[in-house]
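Asker: just coords:
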């Protein structure tokens, strides 16, 4: 496209910031209010009062189930946790190939294997009921895949899923081989619920772009996982803990943060692309962490307050508070999760939101196909022209 023929293009901000690309009934983020919701319900209130399977039902089926329907849905999805034999057989090789990159890398391959083994077909070619069924199969398998890939990477045998445990508790059980206590299982469940969906973030938008092509559910999810693997999107929970470790003691906060800010470095765990006030997920997870108590939590709270104060001084006029990754890292550490599993655990919750967006996008047969403006060297009249 030459510069002379690009007048019809619409100018948008870098990164599509603030650009509305479609309508959705799944949820929204109100950055100036510090509020977000799943369908018509406050996401934080759901995390505080509901179970993971109930929220999963809400996003995929559109409503919160009553007790009998919630139990039926939990039983239906728990029965889908076991992997096909051909996928289980391939996981050792996948885990070996993923190396130090970890289970999130391996899961991209594993999801493709799962889709092939389960006979997933392009969403363009199947009805809404089959699409929904495919998403349930995929979501139910994700914790099993992540836990198995992690254990294999550690030289341990995978632990088979249990149908009698809720989603979060079963995930912890498969990771550790021991049934978790109720407090830790509930803490992880609240974290997973709080991160199920969060607007048109990079991974969600990627899933929708792929769904707009009519590809199968596994392809859409694998693309979303690939987007999540980037450190600017899903890699911050462990990096936020690295910040706490680097500071080491409360009396080192001011000097440490000033040095980084003046050097132009980003402080992991602080600031958000959408929120202009405190991240409601961080506020909720702070209280979850405080429920555990202990020196680590006390230190995290002290660091949060001092970092916010120093940032307010050095960056006046900007609202820079902790985001979800800061206390997510603290909570996951308290629950015994290794740092290399922080972002994969995020994926174990967000896969529900991705699935809901895939289903919604599949109802629209218009492919997502934006344009780019060519700004390179002038184009020759003939490709073989010599100048």
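Answerer: Nice, I can see it. Here the structure is a predicted model, which is why all the values come from computation and not from measurement.

Asker: residues in contact with residue 334?
Answerer: 184, 187, 289, 292, 294, 296, 297 (Cβ atoms under 8 Å, 6 or more residues apart in numbering). Backbone N, C-alpha and C define where each C-beta goes, glycine included.

Asker: quick one: mean pLDDT for stretch 228-235?
Answerer: If you average the pLDDT over stretch 228-235, you get 80.

Asker: oh, I was asking about stretch 175-187
Answerer: On average, stretch 175-187 scores 97.

Asker: how far does that stretch stretch from one end to the other?
Answerer: Stretch 175-187 has an end-to-end distance of 16 Å (Cα to Cα, to the nearest Å).

Asker: which residues sit against stretch 58-76?
Answerer: 25-27, 38-39, 41, 46, 50-51, 53-54, 56-57, 132, 135-136, 163, 166-167, 196-197, 352-353, 355-356, 359.

Asker: which elements pack onto the helix or strand of the chain with the lowest mean pLDDT?
Answerer: Every helix and strand of the chain was ranked by mean pLDDT, DSSP states H and E. The lowest is helix 236-247, at a mean of 81. Other elements packing on helix 236-247 under the criterion 3 or more Cβ pairs under 8 Å, 6 or more residues apart in numbering; DSSP states H and E are helix 253-262, helix 295-314, helix 324-334, helix 342-362.

Asker: of those helices, which is nearest residue 230?
Answerer: If you check each of these against residue 230 by Cβ to Cβ, helix 342-362 wins as the nearest, at 10.1 Å.

Asker: please state the offset of stretch 29-39 from the chain centre?
Answerer: Centroid separation for stretch 29-39 versus its chain: 17 Å, with Cα atoms, centre = their mean, to the nearest Å.

Asker: repeat that for stretch 198-217.
Answerer: With Cα atoms, centre = their mean, you get 13 Å for stretch 198-217.

Asker: and the contacts of stretch 58-76, which are buried?
Answerer: Neighbour-count burial (16 or more other Cβ atoms under 10 Å) applied to these gives 26-27, 38-39, 46, 50-51, 53-54, 56-57, 132, 135-136, 166-167, 196-197, 352-353, 355-356, 359.

Asker: go through these and flag which are in strands.
Answerer: Applying DSSP state E to the buried ones among the contacts of stretch 58-76, the entries found in strands are 27, 38.

Asker: what mean pLDDT does stretch 102-122 get?
Answerer: Stretch 102-122 comes out at a mean pLDDT of 96.
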